[in-house]
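Colleague: Provide a 3D model corresponding to the input given below.
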Amino acid sequence: MIVPQKEQSDQKVIDSALKKNSKAAVKKLKIHFIYAGRHYHNHINDGDKLRSFILNGMKKHNIKSIMVTSIYLRRLNLITKEKMESYCKGEEDLKDSVNDDLESLLENIRLGKESYEKVWTYFLPKLTEEELELVERKDTSYLQSFGEAVFGTNPDVNETEMMLSESDSKYVYGQCLRRTFVI
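Modeller: Below you'll find the predicted structure:
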């Protein structure tokens, strides 16, 4: 079986990091491995490859336990100021922002709680003037950076909704999937 170059590289990085941790003088510290990216986030293996790379390194370097957090963010489409405020008030499907979730995770770690979670959250950055210009020009390169464009849907706010908005501002509606578990 041919292993993709990215996975070979990732396996080497993981092994190297675990080797350095296993040699560290302070053995009382808990290891928390954080992966941010898309490669190991899919519905087929649900991070099994990443887990196996870490597990192999743990066995090789005699590490008993590791907390793993995997984070994947994706930008889906643009929304109005009113829709952004609706998310912030908790009126939409996703109730927690990425920031709220990460604060909660860090607090749980500080308190010594081990998490086994799969959490979806949202993020809502405001477009800059430069980004607004790209949207106005219908810059295909920029618009294809949104998830909706992948499905052939225009990620921009529709004209009627934008005319009804009290603001000319636009916000990115993005989602984050965070998985945290202990091996």
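
Colleague: how close does residue 12 get to residue 48?
Modeller: Plainly put, residue 12 is 19 Å away from residue 48 if you go by C-beta to C-beta, to the nearest Å. All C-beta atoms are positioned from the backbone trio N, CA, C, and that covers glycine.

Colleague: and what of residue 82?
Modeller: For residue 82 relative to residue 48 (C-beta to C-beta), the value is 41 Å.

Colleague: next one: residue 170
Modeller: Residue 170 sits 38 Å away from residue 48, going by C-beta to C-beta.

Colleague: how about residues contacting the helix or strand containing residue 50?
Modeller: Residue 50 belongs to helix 48-60 when elements are defined using DSSP states H and E. Residues outside helix 48-60 that contact it (C-beta atoms under 8 Å, 6 or more residues apart in numbering) are 7, 10-11, 14-15, 17-19, 33, 35, 40, 63-64, 66, 68, 70, 181, 183.

Colleague: in ChimeraX, select just the buried ones from those.
Modeller: The following ChimeraX line selects those of these that are buried, judged by 16 or more other C-beta atoms under 10 Å:
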select :10,11,14,15,18,33,35,40,63,66,68,70,181
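
Colleague: how about the regular element (helix or strand) spanning residue 103: buried residues?
Modeller: Using DSSP H and E, residue 103 maps to helix 98-110. By neighbour count on 16+ other C-beta under 10 Å, the buried set for helix 98-110 is 98, 101, 102, 105, 109.

Colleague: and of the residues you listed, the nearest to residue 160?
Modeller: When these are ranked by distance to residue 160 (C-beta to C-beta), residue 98 comes first, at 29.5 Å.

Colleague: I'd say that closest one and residue 121 touch.
Modeller: Yes: using C-beta atoms under 8 Å, residue 98 is in contact with residue 121, at 4.8 Å.

Colleague: now list whatever residues contact both of those two.
Modeller: Each of residue 176 lies in contact with both residue 98 and residue 121 under the rule C-beta under 8 Å, 6+ apart.

Colleague: mind listing which of the contacts of helix 48-60 are in strands?
Modeller: 33, 35, 66, 68, 70, 181 (DSSP state E).

Colleague: quick check: mean pLDDT of stretch 16-28?
Modeller: Averaged across stretch 16-28, the pLDDT comes to 74.

Colleague: stretch 118-128 now?
Modeller: Rounded mean pLDDT across stretch 118-128 is 97.

Colleague: with just CA atoms, put it into CSV.
Modeller: The C-alpha trace of stretch 118-128 is given here as CSV (Å, rounded to 0.1, in the frame of the first residue of the first chain):
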residue,chain,number,x,y,z
LYS,A,118,-16.9,15.9,19.3
VAL,A,119,-18.2,19.5,19.2
TRP,A,120,-19.4,21.7,16.3
THR,A,121,-19.1,25.5,16.8
TYR,A,122,-19.3,28.6,14.7
PHE,A,123,-17.0,31.6,14.0
LEU,A,124,-18.1,34.9,12.4
PRO,A,125,-15.3,37.2,11.2
LYS,A,126,-16.3,40.5,9.6
LEU,A,127,-15.1,41.0,6.0
THR,A,128,-12.3,43.6,5.5
